[in-house]
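Asks: Okay, here's the prediction I keep looking at, along with the sequence it came from:
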Amino acid sequence: MEWIYALVAGYALGSIPFGLILTRLTGAGDLRAIGSGNIGATNVLRTGRKGLAAATLLLDLGKGAAAVLLAWRFWPEAAAFAALGAVVGHCFPVWLKFKGGKGVATLMGVSLGLAWPIGLAYAVTWLGMLALTRTSSLGGMSAAVVAPIAALATGHVDFVPVLVALAVLVIWLHRANIARLRAGTEPKIGGGKKP
């Protein structure tokens, strides 16, 4: 039953919509009616509140890490299921009719929680691609792909299947971004407020 407990606890933590909560508390409006309608940090940035976007990023990352660390404490054999639950919870929160974020920050959090080398590879890829391209979606998708490769390269083979599944999920949730990347219309950070 450990994997069920870890999965449910991970989902519960992951489904906390920090972006939506913060924007409402600070009077920035309903995040779901702004930009892409996404509840993640990139869309929070479209409100013009950089501090709120940074807080959302850290909280979404933190809830992913917390879910995995909780599993390490109580259900150590099921840490990967907590990681799965946290990202799925962020992307499909029951409280918001299963319409959540795209999982990039939460996936970084669970990567750090599973093993710091995986998290480090994720962070370096994400920030590196973001610095090079100023394109949030490209940075996030690249980092998601790197996570299972880093797990394999650092001997954390048990985490590879879950990380592959999560990378596929993140890429699938970015399918509209991929279409815009191909069309050359994907917005860049600081370059406009398109969804």
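Replies: On my side now, so go ahead.
Asks: lowest average confidence, helix or strand, in the chain?
Replies: helix 41-45 (a mean of 80; mean pLDDT, DSSP states H and E).
Asks: Let's see that one as PDB, backbone CA atoms only.
Replies: Taking C-alpha atoms only, helix 41-45 is exported to PDB below (Å, rounded to 0.1, in the frame of the first residue of the first chain):
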ATOM      1  CA  ALA A  41       4.800  31.000 -12.900                       C
ATOM      2  CA  THR A  42       5.200  32.000 -16.500                       C
ATOM      3  CA  ASN A  43       1.600  33.100 -16.700                       C
ATOM      4  CA  VAL A  44       1.900  34.800 -13.300                       C
ATOM      5  CA  LEU A  45       4.700  36.800 -14.900                       C
END
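Asks: Contacts made by that helix with the rest, please.
Replies: Under the criterion Cβ atoms under 8 Å, 6 or more residues apart in numbering, residues 19, 22-23, 28, 31, 34-37, 52-54, 56-57, 60, 105, 136, 189 lie in contact with helix 41-45. Every residue, glycine included, has its C-beta placed from N, CA and C.
Asks: Check the offset of that helix from the chain's centre.
Replies: 12 Å (Cα atoms, centre = their mean, to the nearest Å).
Asks: Ok, stretch 15-33 next?
Replies: 16 Å.
Asks: can you check stretch 150-163 too?
Replies: Distance, centroid of stretch 150-163 to centroid of chain: 18 Å (Cα atoms, centre = their mean).
Asks: One more: stretch 21-37?
Replies: 18 Å.
Asks: Which parts of it count as buried, going by neighbours?
Replies: Leu22, Thr23, Ala28, Leu31, Arg32, Ile34, Gly35, Ser36 (16 or more other Cβ atoms under 10 Å).
Asks: Check stretch 74-81 too.
Replies: So for stretch 74-81, counting by 16+ other Cβ under 10 Å, buried means Trp75, Ala78, Ala79, Ala80, Phe81.
Asks: quick one: contacts of stretch 148-161?
Replies: 80, 83, 111, 114-115, 117-118, 120-122, 163-164, 167.
Asks: export that stretch as CSV, just CAs?
Replies: Extracted C-alpha coordinates of stretch 148-161, given in CSV (Å, rounded to 0.1, in the frame of the first residue of the first chain):
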residue,chain,number,x,y,z
PRO,A,148,15.6,10.8,-17.1
ILE,A,149,18.9,10.9,-19.0
ALA,A,150,20.5,12.4,-15.9
ALA,A,151,18.9,9.7,-13.8
LEU,A,152,20.3,7.0,-16.0
ALA,A,153,23.7,8.6,-16.2
THR,A,154,24.0,8.9,-12.4
GLY,A,155,22.9,5.4,-11.6
HIS,A,156,19.4,6.2,-10.5
VAL,A,157,17.9,3.7,-12.9
ASP,A,158,14.8,3.1,-10.7
PHE,A,159,13.6,6.7,-11.3
VAL,A,160,14.0,6.6,-15.1
PRO,A,161,10.5,5.2,-16.0
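Asks: Could you list the residues in contact with stretch 180-191?
Replies: Thr42, Leu45, Leu130, Thr133, Arg134, Thr135, Ser136, Ser137, Leu138, Asn177, Lys193, Lys194.
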